[in-house]
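Chemist: Pasted the sequence and its predicted model underneath.
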Amino acid sequence: MGQPGVLRDGLSVALTADGACWGLLHLFRDHDGRRFTTADVDAVRKIVPTLGRRLRRSTIDPAGGRPSGDEAGTLILDRGLAPVASTPEADRWLSRLPQPAPGGDPLPGFVYAIAARLGPDVLPPSTPQLRIRADDGTWLVVRAARLSGSSALGDGAIAVTIEPACQADLRPLLMRAHKLSAREREVAALAVQGLTNLELASALFITRHTVADHLKAIYDKLGVNSRGELTSVLGGLR
């Protein structure tokens with residue numbers, strides 16, 4: 001028998017729906033020596049569409065409570081991705097996000113995932129980021145950036161910031177989740193900026209009638225009746 005915690009095989013799949021990836025599923029075999037078979041892969045493949053659709057749907061489900069504050073939190077990792085320090089705000093946000101398994105890594109997996117995207121060849125202003133939903137319904141943005149050389153931390157230390165998402169952070173995600181077409185996303189993005197139908201038509205080189213048709217389709221998909229409601233939905237406020 002192998003040693004506890006030794007992984008013998010892995011299987012990773014992208015959970016896709018409607019032409020977009022909404023999450024990743026990682027499965028592992030431990031020390032029993034078994035490996036994933038073709039039958040296992042086929043079984044997982046069958047549930048991918050269902051899981052992808054459920055994840056897409058969870059993106060647009062109504063939020064729960066509202067955040068009790070909007071302060072950004074900062075988490076410092078050393079070059080080996082071990083946590084070195086954190087602000088109280090970072091600890092508060094982390095407590096509302098998916099937690100690591102007992103006895104496993106000290107931080108949630110998404111922290112390591114975004115920090116790992118800062119490879120040795122990544123230079124500013126590239127800043128990896130992800131959007132994630134807290135257990136109270138709050139949308140957060142997590143970003144990672146390398147710190148300048150520090151005698152205390154050494155080269156390669158990373159700052160991870162966690163803060164509530166603004167509407168501009170959420171619009172692309174929510175428009176995709178509501179199945180807006182590429183052209184509908186263009187129209188919606190300009191509509192929430194306050195452009196009139198005439199201004200929309202001029203900006204996109206289409207007629208006002210076409211703009212009206214696109215807006216009707218957008219309203220139907222999002223279940224709204226006005227631009228104010230459209231702005232609220234695409235801002236994650238309802």
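Modeler: Here it is on my side, so go on. Numbering: from 1, shown residues only.

Chemist: Which strand residues bridge the residue nearest the centre of the chain?
Modeler: Residue closest to the average C-alpha location in the chain (C-alpha atoms, centre = their mean): R131, at 3.1 Å. Taking DSSP bridges as the rule, R131 bridges to V141.

Chemist: For it, list the residues it contacts.
Modeler: 139-142, 165, 169-170, 173 (C-beta atoms under 8 Å, 6 or more residues apart in numbering). (Each C-beta comes from the backbone N, C-alpha and C, glycine too.)

Chemist: Swap in 6 Å and give it another go.
Modeler: Applying C-beta atoms under 6 Å, 6 or more residues apart in numbering, we find R131 in contact with 141, 165, 173.

Chemist: Surely the first one and D169 touch.
Modeler: Going back to what we said before, that points to V141. Yes - in this structure, V141 is within contact of D169 by C-beta atoms under 6 Å, at 5.1 Å.

Chemist: Against which helices or strands is the lowest-mean-pLDDT helix or strand in the chain packed?
Modeler: Here the helix or strand of the chain ranked lowest by mean pLDDT, DSSP states H and E is strand 20-29, holding a mean of 79. Judged by 3 or more C-beta pairs under 6 Å, 6 or more residues apart in numbering; DSSP states H and E, strand 20-29 is in contact with strand 9-17, helix 38-60.

Chemist: what comes into contact with it?
Modeler: Contacts of strand 20-29 (C-beta under 6 Å, 6+ apart): 7-15, 52, 55-56, 176.

Chemist: Counting neighbours, show which residues of that strand come out buried.
Modeler: Buried residues in strand 20-29, counted by 16 or more other C-beta atoms under 10 Å: 22-23, 29.

Chemist: Show me the two of the contacts of strand 20-29 that sit farthest apart.
Modeler: Greatest spatial distance in these: R8 and R176, 36.6 Å, computed using C-beta to C-beta.

Chemist: Looking at the helices and strands packed on strand 20-29, spot the one closest to A82.
Modeler: Closest among these, using C-beta to C-beta: strand 9-17, at 23.0 Å.

Chemist: Quick one: mean pLDDT for that closest one?
Modeler: Mean pLDDT, computed over strand 9-17, is 82.

Chemist: Distance from it to the middle of the chain?
Modeler: Mean-position distance between strand 9-17 and its chain equals 17 Å (C-alpha atoms, centre = their mean, to the nearest Å).

Chemist: now it and helix 38-60, what's the angle there?
Modeler: 40 degrees (axes from the mean of the first three to the mean of the last three C-alpha atoms, to 10 degrees).

Chemist: any low-confidence regions in this structure?
Modeler: 1-8, 31-33, 62-69, 119-126, 149-152, 154, 236-238 (pLDDT under 70).

Chemist: switch to 50 and redo it
Modeler: Applying pLDDT under 50 to the chain picks out residues 1-5, 64-67.

Chemist: all strands of it, in order?
Modeler: Using DSSP state E, the strands of the chain run over 9-17, 20-29, 73-77, 83-86, 129-133, 139-146, 158-164.

Chemist: could you give the angle of the last one to strand 73-77?
Modeler: Computed with the same axes, to 10 degrees, the direction of strand 158-164 lies at 160 degrees from that of strand 73-77.
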